[in-house]
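Colleague: Give the three-dimensional model of this entry:
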Amino acid sequence: MKKMLTVFLILILGVTLFAEGIPEKGTTSSASRTVSVIASTSWTAAFADLGGADKVQIIAPASLIHPPEYEITVSDVLKIDKADYFIYAGYERMMKSMGDSIGKTNTDLIQITTDNSIENVKKQAALIASALKSQYYSEDRVHDYIETVENGKLAVAKKGLDKQKVYCHAMQVFLAADLGLEIGGTFGPGPLTATQIAEVAKGNYDIIIDNVHNPIASPLLEVSPQTKLVVWRNFPTTVERGSLQKMVQQNIDALLKLPMGPVCGILNP
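Modeller: Numbering: from 1, shown residues only. The predicted structure follows:
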């Protein structure tokens, strides 16, 4: 059945679809407002937004805990083919299903790197803005994102959280570093090792930052119950203007709510 679906996807992708009403890709910032953009997930859509894109559609539903595992459908393929641009990260299961055939669509493909560090956000937003000719819109959006993280860093320092030792999920180290947290070690995304559990059991860590899309920190709390837990996310739950900025603010708020005493169990689902 999977082979039949793959063959069908290839056939669909090999056919040129002429859709009425799709404007020509513009060469100025104002013209870029008319292009249609499809993103693989809510995370890549959030980067598209920072790159100046408006009304971005997504393939994998934003409600999924692990959107990269979404299985693409024929209607999804048709949607991608009708768009002017498709923005993706490359690790999505849908990209493996489509294989080399994705390059046969009428759609311009933009592959980006997804991590929420300021440096990467600026780089990926610039890449998208250059393709869409939307630099005018991207500049303010990236500025607002950076301001959110920098304000969060100030709040973290004010509360003294930057002095506490953190054991951080590998998928969340980028934001943690930008907030000025002291990252003493990392774990994930694979299963915890005996060495990692033993390291935390020594009681050297004040905070553990886990990842809601791949949560694996529970055994660490069993061996170090005095350690405080916060769970962050990378994929926004909505596709809207400023979605990554809003999600990051929620992560920061969850961190700031941690008690300074030896109490654990804060969750940011």
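
Colleague: use CA for all of it now, contacts and neighbours both
Modeller: OK.

Colleague: buried ones in stretch 184-195?
Modeller: Within stretch 184-195, the residues that qualify as buried are 185-188, counting by 16 or more other Cα atoms under 10 Å.

Colleague: Quick one: residues in contact with the longest helix along the chain.
Modeller: In the chain, with assignment by DSSP state H, the single longest helix is helix 135-159. Helix 135-159 is contacted from outside by 29, 49-52, 118, 121-122, 125-126, 129, 162-163, 178-181, 242, 244-245, 248-249, 252, 256, using Cα atoms under 8 Å, 6 or more residues apart in numbering.

Colleague: Buried by neighbour count, from those: which ones?
Modeller: When the contacts of helix 135-159 are checked for burial by 16+ other Cα under 10 Å, the buried set is 29, 49-52, 118, 121-122, 125-126, 129, 162, 178-181, 242, 244-245, 248-249, 252, 256.

Colleague: Pull out the CA atoms of the host helix or strand of M94 and give them to me as PDB.
Modeller: Using DSSP states H and E, the element containing M94 is helix 93-98. Coordinates of each C-alpha in helix 93-98 appear next as PDB, following Å, rounded to 0.1, in the frame of the first residue of the first chain:
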ATOM      1  CA  ARG A  93       8.900  12.200   7.300                       C
ATOM      2  CA  MET A  94       6.900  13.800   4.400                       C
ATOM      3  CA  MET A  95      10.200  14.800   2.700                       C
ATOM      4  CA  LYS A  96      11.400  11.200   2.800                       C
ATOM      5  CA  SER A  97       8.100  10.000   1.400                       C
ATOM      6  CA  MET A  98       8.300  12.500  -1.500                       C
END
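
Colleague: For the next helix or strand after it, name the packing helices and strands.
Modeller: Following helix 93-98 in sequence order, the next helix or strand is strand 108-111 (DSSP H and E). In this structure, strand 108-111 makes packing contacts with strand 85-88, judged by 3 or more Cα pairs under 8 Å, 6 or more residues apart in numbering; DSSP states H and E.

Colleague: can you give me the mean pLDDT across the strand it packs on?
Modeller: Mean pLDDT, strand 85-88: 97.

Colleague: Paired strands for that strand, with orientation please.
Modeller: Sheet pairing of strand 85-88 (DSSP bridges) gives strand 37-39 (parallel), strand 108-111 (parallel).

Colleague: isn't there a strand covering P236?
Modeller: No. Assigned with DSSP: H, G, I helix; E, B strand; the rest coil, P236 falls outside any strand and is coil.

Colleague: Need the phi and psi values for it.
Modeller: Dihedral angles of P236 (phi, psi; degrees, to the nearest 10) stand at phi -60, psi 150.

Colleague: how far away is I209 from G203?
Modeller: Taking Cα to Cα, to the nearest Å as the measure, I209 falls 15 Å from G203.

Colleague: got the contact list for the closest residue to I59 other than its chain neighbours?
Modeller: Spatial nearest neighbour of I59, excluding adjacent residues (Cα to Cα, 6 or more residues apart in numbering): S40 at 5.0 Å. Listed by Cα under 8 Å, 6+ apart, the contact set of S40 reads 58-60, 86-89, 92.

Colleague: No further queries at this time; thank you.
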